[in-house]
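Participant: Only the shape, not the letters, is given here:
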């Protein structure tokens, strides 16, 4: 047997001028025969998530992207500023495969019972290198999809569903009672709205445009705040005051949004405080940055007392913290609700080569506006 | 009996134009007779710490400070930008006393055994309103100073000593093995250097000038990094790499320093990592901001993976967390080492009225350079 297929690669190189260059291209790879517990999946759908862009683009300035190569063998290059090269010292000159998650059909399986049971099944899978025609993987990294679920429907069954469930769990574990989230009209944002609605928890939705606010209100969202409105800060304080939110998950990362959220939480807390404290409210306010839609620096004005924290939040360490069994409960819920609570929507389906067109690349940065691409590596 | 004395007051008012005004002045107050467990202390020394400036100045722009009143009854006013008024909503129109800590002689005591035992003694005390001639306070909020310790020597026996000890405890509680601190040449910075030296823990000292670096090396500091040097980032990475520091306490707060420290920690960690991880090192890197010498926004470039946190750190919640007994051990150590490890140095001693001169006010912001004022409220 043995499968041979193409996959997307990302390489960062240092130039003689001290800055760097990103190169995106397609490679042809042979998939090794599966070990006893492994399977080989023919990938038929893999989303381009914001969380894929870090590895795909590195710190390159994609406005400098140039296309070369051929239609079936495209090559894209882009510049990396000298000051950012320190952050990619660990990946220099390595041709890295990309793609966190995907779904497809199991076309080969190892000898173990678990692996054999998956043969011919449609599964979701996670583990990187999904922008590939074939992927060998441990059977434990797969989520068998229920009968009647297509690869396109199951393509995003890990990152967004488990992230949205991880936010609920984090909120409960850290003792908060309501949550603020940003880029609330994105695919993930809409999923959070549906999930919160299902679970009956108060949620403050921050969007950047009036039409996004309308969209979320249409989904039944109760507290929607538009950062483009002149009354944004007042609206945010009011929504936070009503819900009592002291935790936020921010998908944008850059600019002043995290700072504004902390300031609004502090204003809501101190408005309800019996007396003035010079150090601000003693209630801890936390913003977790889990995405980087805005790659500019995070700017914190620190006008929110001393009981605050801002930090990175990542799905994998969260799942490690709660352990396999607790994680399995979350995965089972995703599988059961993949067409409802955890449904994803895509604006375009592309082949591996089309995924590297300059038009497609320009669109990946606009995901908060609802544009979302699905790659079908086996589409011609 | 009954004591009457003067004290410094800070008041914030909204103006008709939407911005605000800070007013500093002296008030005359009568000190109530002490309750059973209380004492009255004639304050003879109280430092102007960076941690006092938040309450003293609020968010006012002190470059706009104007003096009026008389030499013995000075009044200082300064402007507060409209955008910052939200952060002082809780203190509007309240005439607030200032001064976190001080030392003096017990001139009256309540009927309890504990209070009576302190009569005539020199004590350090904490609890606010220390820029006052007399202060009534619970006997538990005092630290009796050893025979031969003067009020000036004991004036700073809480904030800086317990903060430096709190950093060691926090480092151990959160599982780090070495620490970075900034404004390392300040009074507190030098105390940390002496304490770390005594306790044999690795410490990376960040200063802003070559002469500060020389000063600390003279105190025996091993890893000193000067942020004004062109090789700052390389020096910082090298020092962090050698010590393995993954925790920092930042006194400045504003600008890019916290971000640079996280980036240096990440560079040190990934240089030692076996393989590249797209999300950066999985080792948590933490910066606690405990001061605001630089009041500009904190700017985080987020070029340090996802396992990071930045947050406020404050002494009082830390002491509450560890409990009274653990805190008492720290206080006993301070009392025993107040002339050595925990010694403070002042550049000038001023009266209450002199403390409100424009020259003095301008100097309070320059504490990182070694200028530090001590108020003697009973000095004419």
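Facilitator: Done, it's in. In this text the structure is predicted, and so the values were computed from the model without any measurement.

Participant: So what touches the one helix or strand residue A:254 maps to?
Facilitator: Using DSSP states H and E, residue A:254 sits in strand A:253-255. By C-beta atoms under 8 Å, 6 or more residues apart in numbering or on different chains, the residues outside strand A:253-255 that reach it are A:289, A:291-299, B:302. For every residue, glycine as well, the C-beta is placed using N, CA and C.

Participant: now do stretch A:21-29
Facilitator: A:4-13, A:15, A:56-58, A:60, A:69, A:73-80, A:95, A:97, A:132, A:352-353, A:356.

Participant: ok, and which of those residues reach chain B?
Facilitator: Near chain B, judged by C-beta under 8 Å from any C-beta of the partner chain, there are no entries from the contacts of stretch A:21-29.

Participant: Show me just the buried residues among the residues you listed.
Facilitator: By neighbour count, with 16 or more other C-beta atoms under 10 Å in any protein chain shown, those hold A:5-12, A:56-58, A:60, A:74, A:76-80, A:97, A:132, A:352-353, A:356 as buried.

Participant: follow-up on the earlier one: most widely separated two among the contacts of strand A:253-255?
Facilitator: A:291 and A:299 (16.7 Å; C-beta to C-beta).

Participant: The two: which has the busier surroundings?
Facilitator: Applying other C-beta atoms under 10 Å in any protein chain shown to residue A:291 and residue A:299 shows that residue A:291 carries more neighbours, namely 23 against 17.

Participant: Please tell me how far the closest residue to residue A:298 other than its chain neighbours sits from residue A:286.
Facilitator: Sequence neighbours aside, residue B:300 is the residue nearest to residue A:298 in space, at 4.1 Å (criterion: C-beta to C-beta, 6 or more residues apart in numbering or on different chains). Going from residue B:300 to residue A:286 by C-beta to C-beta, to the nearest Å gives 15 Å.

Participant: Pull the number of nearby residues for residue A:84.
Facilitator: 16.

Participant: now swap in residue A:194 and tell me
Facilitator: That count, for residue A:194 with other C-beta under 10 Å as the rule, works out to 18.

Participant: what's the answer for residue A:100, then?
Facilitator: A count of neighbours around residue A:100, defined by other C-beta under 10 Å, yields 24.

Participant: That one contacts residue A:159, doesn't it?
Facilitator: Yes - Residue A:100 is within contact range of residue A:159, at 5.7 Å (criterion: C-beta atoms under 8 Å).

Participant: Show me whatever sits in contact with both of these two.
Facilitator: A:49, A:51, A:126.

Participant: Show me where the stretch 51-200 of chain A has its strands.
Facilitator: Ranges of strands within the stretch 51-200 of chain A are A:61-69, A:74-80, A:96-97, A:101-109, A:122-126, A:134-138, A:142-144, A:178-182, based on DSSP state E, counting those that start in this stretch.

Participant: what packs against the third one?
Facilitator: For strand A:96-97, the contact count by 3 or more C-beta pairs under 8 Å, 6 or more residues apart in numbering or on different chains; DSSP states H and E identifies strand A:3-14 as packing neighbours.

Participant: quick one: the strand it packs on to strand A:101-109, angle?
Facilitator: 140 degrees (axes from the mean of the first three to the mean of the last three C-alpha atoms, to 10 degrees).

Participant: Tell me the predicted confidence for residue A:369.
Facilitator: pLDDT recorded at residue A:369 is 63.

Participant: now residue A:180: how far from residue A:261?
Facilitator: 6 Å.

Participant: Now the common contact residues for these two.
Facilitator: Common neighbours of residue A:180 and residue A:261 (C-beta under 8 Å, 6+ apart) are A:206, A:240, A:248.

Participant: In contact with the last one, which residues?
Facilitator: The one in question is residue A:248. A:179-182, A:258, A:261-262, A:265, A:286-288.

Participant: how close does residue A:199 get to residue A:337?
Facilitator: In terms of C-beta to C-beta, residue A:199 sits 12 Å off from residue A:337.

Participant: of those two, who's got more company?
Facilitator: residue A:337 (15 against 11).
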